[in-house]
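A.B. asks: The following block contains a protein sequence and its predicted model.
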Amino acid sequence: MTEEELLVVGKRLPMIGADEKATGKAVFTVDIKLPGMLYAKILRSPHAHAKILNIDTSKAEKLPGVKAVLTHKEARVRLLDEVALDVRVRYVGDKVAAVAAVSEEIAEEALELIDVEYEVLPAVFDAEEAMKPGAPIIHPDVPMMKDRGNLREPIFIYGVGDVERGFEEADYIFENRYITQRQSHCSLEPDVGVATWTSSGKLTYWTSAHGAFPIRSILATGLNMPENKVRVIVPHVGGGFGCKYGRLEDILCALLARKAGRPVKLECTREEEFISTRTRSHAVFETKTGVKKDGTFTARYMKAIVDLGAFAHGIVLPERAGAWLMMPYSCPNYRYEGHAVYTNTPSSGAFRGFSSVPGHFATESDVNQIAEELGIDPVSFRLKNRRKLGEMNPYNRSPIDASPLDECMLKGAERIGWWSNRRKTGEGGSVRRRGVGMAAMVHHAPGLGVGADAERPGWEKEGVPGVAEIKINPDGTVHLLIGMADIGEGINTTCAQIAAEELGVHLEDVTVISADTDTTPWGWMVAGSTALMQTGGAVRAAAAKAKRQLFEQAAKALNVAVEDLVAKDRRIYVKRTPERGLTFGEIVGPYSVIVFTENYRIPDYVAPFGAQFAEVEVDTETGQVKVLRMVAAHDVGKAINVNIVEGQIEGALQNSIGYALTETLTLDEQTGQVLNPNFLDYKVLGATDMPKIDVILVEHISPAGVFGAKGVGEMGAIPTAPAIADAVYNAIGIRIRELPITPEKIVKALREKK
Amino acid sequence: MGEAASLLAKYGDRAKIIAGGTDLLVEEPSDVEYLIDIASLPMDYIKDNGEEIKIGALSTIRGIEISSLFKQGACRILAEAAHDFGHASLRNMATIGGNVCVAVPSADFPTVLLALDARAKLVARAGERTVPIEEFFVAVRKTVLKGDELLVEIQIPKPPAHTGTAFIKLGRTSVDIAVVNVATRITLRRKELCEDARIVLGAVAPTPIRAKRAEELLKGKRIDSALIEEASQIASEETKPISDIRSSADYRREMSRILVKRALRKALERAEEGL
Amino acid sequence: MGELLVKLHVNGEPYEVKVKPYWTLLHLLRNELGLTGAKLGCGTGECGACTVLMDGKAVLSCLTLAARAEGKKITTIEGLATGLELHQLQEVFIKKGAIQCGFCMPGMILSAKALLDENPNPTEEEVRRAISGNLCRCSGYVKPVEAVMEAAGIIKEKKEL
């Protein structure tokens, strides 16, 4: 099928289910109300680090309307290194007890009646402090590096060549230190679950989550139950962005429901979302780079100190950040050291651009500084240094093609007027100064495999499959069943498009059912920019098999060879004599269906590249940075649905401009408490804060992706912060190396410059 | 209004007045048992009787934003403050009375009203009194309202000719409460010669404050860039800002200077229109 | 604690409901009347997911007491379409790909309706201002703003016909 012949794929088509959302009929987990349903609340620790010496729930249990109470005596379940409920609390907000009652008010009242005796322990809130010998140990049972406090074993070390020799060969050495902050997902729908049991021991659990099957796995393991007795349904989800991969609260909700013998809903308040769900890690990066006068790299070293928070749900960042250091640019010597450190702060975890976003701020800011100081234009510098065809990716030791980066950079540069607008830095003299900046990116895709991932259980193993089931109905219409969840990213629609294209039917002929562990095939989570490539690939393969069977039956009926047939517009007909054909319904017949299921694994990792350009105006008196324009040029392989692909990049920019300028979860330095657990003081961008956005879709067909597609969920979030930092530099001649770039930091830096 | 006052008297500290509810339902003070809903009282009006402008305490921020009386002239800073207030649905609900009575340092209307020499009309069962806005604010979330008193109206005297005003609010994003807000008023006797001045700052002290030393510097003088710079510097020294989650004290002090400078320039420009 | 009897109209239908004095309008709509289109996103008036129209004006139902709805005409997202026929705004939001997860959309679409009812010819800046209290984490506001502008044009055209 050539490009011109695509009828459904590659178009702007409305999302399936959008009408339900536009009319308020779409049911989200928060909307679910079952007869007799109870409301659960969690008692949370006021201390950052403490032992629970005694917990007395007797008064709470006697409160009329309270139907179940859990403490560590009744519930101790584990997820990675986190246990709930534990005899120890490790951050302000950690779970202490759980209550289910007939109303939210009574549940809240019950929490206040629970008496807890704590032995407060010394706490530590900064990763570098937490690595010192003598720091209070947060996980005595987890192996730590000797005499390094809360630094987990191992330190992730990998690279290629010999950086020390590379530094000796350099003409110039650059050393920098960068700090990136905690960022909260702020999904509009909070974390929530509804659990109900039958008397025969079957659990049904509705939840706002990234996937149904991973949650089923967590519940089955935690409750020690067989998977066929746990049904997880993911209805419409109000946003995820990495937040909702499954938590111990899911198990607690189920346990409360079982104890009470009634359905239970456990819904986070917005405040709980901020203090107790996972954040993007706070991280410190120290870089050392050696270059020759002509801009060739001789050595690049990066040390990452990643604050895991109280639990290790965010371990992938320190593990994998070095991949993005090494991947885009040629250099014979690389070394990465990733440190994963516990502190008594909210646990970190996945967040759009998980292992890429924080490190890119360091590595791309480095590249921009080095280019400038060598007198080389930052775009030209990257064109020169990006890996050539035939080079090996040192992270997974397979070939890498960085050429799509060129088109992204050149198209983006042209669109923003880079060559004329990148004037000499710091010029102007007026109070408000403008500048342009840019940065490049590379990111994860399925098939990345090897390296540190292969040794670690629980996370994405090499080649998590996509699975899809196609059913052709007697009348020729199609049901498509996938285990993947549609949380707004549109996987239902893109998979329907793929099925329709492959089969030769219309989009409205395909009905999609997803994310129900009792009825749909297995699916992973919406994560790592993998959903479309994994599940979409399975859809296409299953559809191809179904089509093959249709062809075989049609060939017999029409007395031709299979090769003589083509499927288009709901018919299968003879290529040379199109009037000779049959509709799908005529082939399938009134009493049968055609069913095919496919397990699909991506053959290769194909890196998605991209570049973003920012134009900013800095008010040098107030320090305010106004982003006037963002140009985002991303290699998406093939845009299956153009609206969806653009929407992903546009939405990611809201997250990442906030990351660059306004968003930071702030903790009290003395107590570890979150100081801004609300939208008043955790500033996310609204419609009047956003710049003009230009999305350029570059389509370098990926040999590994369905119809050539690459995963676009995260790419838009990755180069934004360094691009904006570079634009600020171009405007005022100062490089800010700590995020977010607030007005106070700019005013302070300008004052120091004088 | 009498009923409201009676209820206030009856329940004392256990009751609170609710108008727009946009602060009360967020703060949810735990000691409040009764809410006295005054939304249906006839206090939503904006009138100009020639000598002064009277704004009913229940006038919504949206109403002030679009009022034809505030499109130009010295009172335009009321519309400008309304324009920068929260977002559309919040402006539909919140009232000027609420913004004044809640008396948080970051509130915008106290700053503006202080620059306009406004007065607050308070009504109780025993009678009524009018308090200059400057005396209305006592401390954070504390006003002179006592017993069964209800704020019913804001009165703004017509400013003299050749008066220009300006209002600037600094927030972290475009929808925000003020990190610092400033309102200025300059009355000219003739071009550049200042007859009277007001420089008011909010969010830099427990209540909105007039930078009186800075004001004195301007009175009777020819206003030029250098004088504006000096006045701004002195104004910033008159502030008592704190460091909190939104900003450091240092930044607030420095921004006081910048905003006063910009607001004085703008007020001067506006005062000069027609001279 | 006593209950209050509140008479109100929601989406053109009259209701007489007993409410607890501390209930918000959001609670009344979602939990008592089963109209779950309006959402609880923050409870403090910052996110706009609870936006409904009260006598035609956009208000935050999480900061409105249920008792305050006495005598008022409330429009929720469920009341925008006429039976199964969508309002122009809903059609264009769907067509333009402005809806992703959809959680913020009931509030945002109603804010947009309030704007167009008052100002049928808004500039892009006016559209952004009208939805500045509706937080969206998915769309970057790009396609929603385009959708409101386009819907405004279509509505105007239809009126002129």
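C.D. replies: Perfect, thanks for sending it.

A.B. asks: can you tell me how far the residue sitting furthest away from the middle of chain A sits from chain B?
C.D. replies: Most distant residue from the mean C-alpha position of chain A: residue A:559, 51.4 Å away (Cα atoms, centre = their mean). With distances taken as Cβ to the nearest Cβ, to the nearest Å, residue A:559 is found 68 Å from chain B. In short, each C-beta sits where N, CA and C put it, glycine included.

A.B. asks: how near is that residue to residue A:552?
C.D. replies: 13 Å (Cβ to Cβ, to the nearest Å).

A.B. asks: tell me the pLDDT at residue A:145?
C.D. replies: Note for residue A:145: predicted pLDDT of 97.

A.B. asks: Quick check: beta-bridge partners of the closest residue to it other than its chain neighbours?
C.D. replies: Distance criterion Cβ to Cβ, 6 or more residues apart in numbering or on different chains; nearest residue to residue A:145, sequence neighbours excluded, is residue A:151 at 4.6 Å. Beta-bridge partners of residue A:151, counted by DSSP bridges, are residue A:341.

A.B. asks: rewinding a little: would you mind giving both backbone torsions of the residue farthest from the centre of chain A?
C.D. replies: The phi/psi pair for residue A:559 (degrees, to the nearest 10) reads phi 60, psi 50.

A.B. asks: pretty sure residue A:317 contacts residue A:281?
C.D. replies: Yes: proximity of residue A:317 to residue A:281 meets the contact threshold set by Cβ atoms under 8 Å, at 5.3 Å.

A.B. asks: who has more neighbours, those two?
C.D. replies: More crowded of residue A:317 and residue A:281, by other Cβ atoms under 10 Å in any protein chain shown: residue A:281, with 34 against 26.

A.B. asks: what's the burial count for the residue in the stretch 1-150 of chain B positioned nearest to chain C?
C.D. replies: Here the stretch 1-150 of chain B gets closest to chain C at one residue, residue B:87, 2.9 Å apart by Cβ to the nearest Cβ. When counting by other Cβ under 10 Å, one arrives at 26 neighbours for residue B:87.

A.B. asks: same question, residue B:25
C.D. replies: Residue B:25: 21 neighbours (other Cβ under 10 Å).

A.B. asks: Repeat that for residue B:191.
C.D. replies: 12.

A.B. asks: residue contacts, residue B:77?
C.D. replies: Applying Cβ atoms under 8 Å, 6 or more residues apart in numbering or on different chains to residue B:77 gives the contacts B:112, B:115-116, B:165-167, B:183.

A.B. asks: need the residues of chain B near chain C, please.
C.D. replies: Within chain B, the positions adjacent to chain C are B:18, B:20-22, B:25-26, B:35, B:37, B:39, B:62, B:86-90, B:92-93, B:174-175 by Cβ under 8 Å from any Cβ of the partner chain.

A.B. asks: Mark which of those residues are part of strands, please.
C.D. replies: Within those, residues falling in strands by DSSP state E are B:18, B:35, B:37.

A.B. asks: would a markdown table of the residues you listed with pLDDT, neighbour count and distance to residue A:171 be doable?
C.D. replies: Shown next, in a markdown table, are these (pLDDT from 0 to 100; neighbours: other Cβ atoms under 10 Å in any protein chain shown; distance: Cβ to Cβ, whole Å):
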| residue | pLDDT | neighbour count | distance to residue A:171 |
| --- | --- | --- | --- |
| B:18 | 92 | 21 | 71 |
| B:35 | 89 | 19 | 73 |
| B:37 | 90 | 17 | 75 |
